[in-house]
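Student: Build me a structure from this.
(2 chains)
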Protein chains: 2
Amino acid sequence: MKGNGPGLIDVLLAAQAGRPLMILGMMSGTSVDGIDAALCRIAPRKDAPDRLHAETVFLVDEPIPDVLRQRIFEVFHNGPGSLEIATGLGLAVGRAYATAAAEALKYSEQQGSWEDRPSAVAVHGQTLWHSPPPGPWPGTFQCIDPSVIADMTGLTVVGDFRRADMAAGGQGAPLVPFYDWNQYSHPEETRAILNIGGIANITVLPAGRGLEAVTGFDTGPGNVLMDLLAQRFMGKPCDHNGAAAHQGQIIPQLLNSWMQMDYFHRQPPKSTGREVMGMAQLEQCVALINRHPVSDFLATAAEWTAQTIAWALRDYVPQAPQVRQILVAGGGALNAPLLQRIERCCGEAGLPQIQVQPVGGHLEVKAREAAAFAMIGYATLAGRPGNVPAATGADRSMILGTISPPGYRFPSR
Amino acid sequence: MKGNGPGLIDVLLAAQAGRPLMILGMMSGTSVDGIDAALCRIAPRKDAPDRLHAETVFLVDEPIPDVLRQRIFEVFHNGPGSLEIATGLGLAVGRAYATAAAEALKYSEQQGSWEDRPSAVAVHGQTLWHSPPPGPWPGTFQCIDPSVIADMTGLTVVGDFRRADMAAGGQGAPLVPFYDWNQYSHPEETRAILNIGGIANITVLPAGRGLEAVTGFDTGPGNVLMDLLAQRFMGKPCDHNGAAAHQGQIIPQLLNSWMQMDYFHRQPPKSTGREVMGMAQLEQCVALINRHPVSDFLATAAEWTAQTIAWALRDYVPQAPQVRQILVAGGGALNAPLLQRIERCCGEAGLPQIQVQPVGGHLEVKAREAAAFAMIGYATLAGRPGNVPAATGADRSMILGTISPPGYRFPSR
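Tutor: This next block holds a predicted model:
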């Protein structure tokens, strides 16, 4: 690819003229299980040019090398030396992203058409720490070196999207509601889109309304505690398809204490992270491991995820009675027992009309977050705002992110 | 300023056409004493268009608020919680830079001419950690939120310059030799430019040669240990004009042990930081404080700085016998006893012809590093490489940095 991609000004002019661009959207979640790279054709909708549309043509899920993964988990503990470790992760995470990008770009090189060649890479990066407001020192640390990706791919790289929203007083998250509204909002149906990654978040799209009516927030835990338990006690990256959790019994004392956390009683906008939604609870489970089988802890963790989602709908989504379907994306969408659990919890929370199902086919389910960053990257290049103030609490619309010019090999002097 | 600055594409097109641009260059050093903001007119030289020229028209030296300064020093210790503290510093450092920028922009607003209006802000940021190669996890952490500066100034922001050089295998430092060559190289004189900040670095500009002949490296300590001693034992930010050091006696055992550090016996390219060139030595001084007056430690620290500079010239600068003048910039240039000390050490190192003097008047001395980042920012916007591979060890020329589009207030929908 080196030196063959379009120049920065060409990409900016094309996006600002509303031309379709192939953008490679990339992200890795708080569960650090892999890097998703979605090659998407992004363009304004012909029937509604203020809305963007993404068509995902290819998805790569590149595992994160073990040594890198361990190092990222090490830094999550925020212990002695964590600044130094975090500093050393930027280049390494950048190289891992560039490796995943190379896989996706190989696909596009095999396509004959010039239009299928990518114009830019849009990267979320790896969240190492996220301290949203309020608090005396709000901040966010999306670890990734964009320069090494620009160099290795020869493409313009857009990234570090959360900061601009926080500069406008927002939580910097969630960002995916921008994509959900552009992609899934419907003139007559009120829809809820639920993403279950390490953390779970929900987006509500009231029927026939604009971006200003979109709300969304982190409901709380997604897969994070289940994954931590599987890693600690089963030697596996996750409880595949929720099989072990499905066989366990809920431990009521644990579940009740977790449900009482302040976070679940705060009004949105709000966002959270794995520090408080998984790592603290793992320690409690470790202390009790001689009293219960591992499957009981997994069942309790799954119920915690499901119940916090249902309660969040009941308590903080005024349109919940109009919602008939929750469309689920992210890794958790492939965990059928978990989706049944959420549906049951919605029923118990007084929302028996709600059906819970994956947002689409395998590609669409898996690509949603990566495709969202491709779309936000397009917005940045086009000079369009990319945040959803109603979801993040920002006081205004902002163009998100920073842009790294494409790597270019200079002739020797 | 909000919304009045030129758009990103306009700035890129102007720079790529070689038009003069006013760029506000900003940096804060490892001594964390303040933020320098230099408003510079940058343009290609008429007589040599492959070289850039900077004319500094205004300089602001904005003190860093105490609470922020203390928090930055806290994170330098890399102790428990350092990742969280570092995360919270990005927005705060960005706001402090934006405050300093506002001072400089006020000046430009008072100028009538449209040409004096700035087009972009180029920020080095605050180095929190720097781990250059070799090593398994090279990386650099320039802490600053560019989005908040873009938002508060309404201007395009360029920053995070070190990463691209490291992506090409370089040390990511020093970057200022790019400016030195553009600004100070001479057809017939071999010149050495010395910057004394927290860390000291030297740039050698062989007579009549191009960028490929420029070498430069960190010689080792600058003011960092002297400042730490003054803060710890005198309750002052620094030993003003080197007055106390001038009255002290050198402690030979300490000096000798410091001179034996591996760093001083390694070939360039090399770069270092305050972690190893000041903080470790402060602890030794603290342990011995009952045996010597503070002025002796200051004298020893000053001699360490001077001797490491002279030895570096003698051992690692083949052109040293041709150098007649060392031109000094940075805070240390205003410390006359320190300059005399360096001149004496050069003589003792077999280089008696060398005279040591400030690089120019007060504005030029103080503005050098901030002006260097204004120039590198222009290079990035113009699509020109901005690193000096011979100085950093990078394997090729690179366009440096990332670009944040100017903040813009969107009309409400």
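Student: Buried residues in the strand or helix carrying residue A:258, which are they?
Tutor: Taking DSSP states H and E as the definition, residue A:258 sits inside helix A:252-259. Within helix A:252-259, the residues that count as buried by 16 or more other CB atoms under 10 Å in any protein chain shown are A:254, A:255, A:258. (Each C-beta comes from the backbone N, C-alpha and C, glycine too.)
Student: what comes into contact with stretch A:305-324?
Tutor: A:189-192, A:194, A:196, A:200, A:202, A:204, A:206-207, A:215, A:217, A:219-223, A:225-226, A:255, A:259, A:264, A:267-268, A:332, A:338, A:341-342, A:344-346, A:348-351, A:353-355 (CB atoms under 8 Å, 6 or more residues apart in numbering or on different chains).
Student: Which of those residues fall in strands?
Tutor: Among these, DSSP state E puts A:191-192, A:194, A:196, A:200, A:202, A:204, A:215, A:217, A:219-221, A:355 in strands.
Student: Could you dump these into CSV and include neighbour count, pLDDT and distance to chain B?
Tutor: Formatted as CSV, the ones in strands among the contacts of stretch A:305-324 follow (neighbours: other CB atoms under 10 Å in any protein chain shown; pLDDT from 0 to 100; distance: CB to the nearest CB, whole Å):
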residue, neighbour count, pLDDT, distance to chain B
A:191, 22, 94, 20
A:192, 25, 96, 23
A:194, 25, 96, 26
A:196, 26, 94, 25
A:200, 26, 95, 22
A:202, 27, 95, 23
A:204, 28, 95, 18
A:215, 20, 88, 16
A:217, 26, 91, 21
A:219, 30, 97, 23
A:220, 26, 97, 20
A:221, 29, 97, 20
A:355, 12, 96, 32
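Student: could the residues you listed go into TSV alongside distance to residue A:244?
Tutor: Shown next, in TSV, are those (distance: CB to CB, whole Å):
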residue	distance to residue A:244
A:191	32
A:192	28
A:194	22
A:196	17
A:200	19
A:202	26
A:204	32
A:215	34
A:217	29
A:219	23
A:220	21
A:221	17
A:355	26
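Student: if we can go back for a sec, ok, so of the buried residues of helix A:252-259, who is nearest chain B?
Tutor: Of all these, residue A:258 has the smallest distance to chain B: 22.7 Å, by CB to the nearest CB.
Student: ok, now which ones touch that closest one?
Tutor: For residue A:258, the contact set (CB under 8 Å, 6+ apart) comprises A:281, A:304.
Student: swap in residue A:74?
Tutor: Listed by CB under 8 Å, 6+ apart, the contact partners of residue A:74 are A:82, A:85.
Student: Mind doing that once more with 10 Å?
Tutor: Residues counted as contacts of residue A:74 (CB atoms under 10 Å, 6 or more residues apart in numbering or on different chains) are A:81, A:82, A:85, A:86, A:89.
Student: filter those to the buried ones?
Tutor: By neighbour count, with 16+ other CB under 10 Å, the contacts of residue A:74 hold A:82, A:85, A:86, A:89 as buried.
Student: Could you give the backbone dihedrals for the second one?
Tutor: As for residue A:85, its main-chain torsions (degrees, to the nearest 10) stand at phi -60, psi -40.
Student: Those residues of the stretch 201-350 of chain A touching chain B, which are they?
Tutor: When proximity is defined as CB under 10 Å from any CB of the partner chain, the stretch 201-350 of chain A approaches chain B at A:210, A:211, A:212, A:275.
Student: Highest neighbour count among those residues?
Tutor: Neighbour counts for these peak at residue A:211, which has 21 neighbours (criterion: other CB atoms under 10 Å in any protein chain shown).
Student: Show me the helices in chain A, by range?
Tutor: A:8-16, A:66-76, A:82-110, A:146-153, A:162-167, A:177-184, A:224-234, A:243-247, A:252-259, A:280-287, A:294-316, A:336-348, A:362-381, A:389-392 (DSSP state H).
Student: could you dump these to a markdown table with mean pLDDT?
Tutor: Output for those, formatted as a markdown table (pLDDT from 0 to 100):
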| stretch | mean pLDDT |
| --- | --- |
| helix A:8-16 | 96 |
| helix A:66-76 | 95 |
| helix A:82-110 | 93 |
| helix A:146-153 | 95 |
| helix A:162-167 | 96 |
| helix A:177-184 | 94 |
| helix A:224-234 | 96 |
| helix A:243-247 | 96 |
| helix A:252-259 | 97 |
| helix A:280-287 | 94 |
| helix A:294-316 | 98 |
| helix A:336-348 | 97 |
| helix A:362-381 | 94 |
| helix A:389-392 | 91 |
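Student: And those: which comes nearest residue B:304?
Tutor: Proximity to residue B:304 (CB to CB) singles out helix A:82-110 among the helices of chain A, at 24.7 Å.
Student: now that closest one and helix A:146-153, what's the angle there?
Tutor: Between the axis of helix A:82-110 and that of helix A:146-153 there is an angle of 30 degrees, by axes from the mean of the first three to the mean of the last three CA atoms, to 10 degrees.
Student: For residue A:25, see how far away the residue nearest to residue A:122 when sequence neighbours are not counted is.
Tutor: The shortest distance from residue A:122 to any non-neighbouring residue, by CB to CB, 6 or more residues apart in numbering or on different chains, is to residue A:377 (2.5 Å). Distance, residue A:377 to residue A:25, using CB to CB, to the nearest Å: 7 Å.
Student: shared neighbours of the two, which are they?
Tutor: Counting by CB under 10 Å, 6+ apart, the shared contacts of residue A:377 and residue A:25 are A:40, A:42, A:120, A:121, A:122, A:123, A:124, A:158.
Student: from memory residue A:295 sits against residue A:243, does it?
Tutor: Yes. Counting by CB atoms under 10 Å, residue A:295 does reach residue A:243; the two are 9.1 Å apart.
Student: Compare the two (neighbour count), which wins?
Tutor: Neighbours per residue (other CB under 10 Å) separate residue A:295 from residue A:243, with residue A:295 holding more: 19 against 12.
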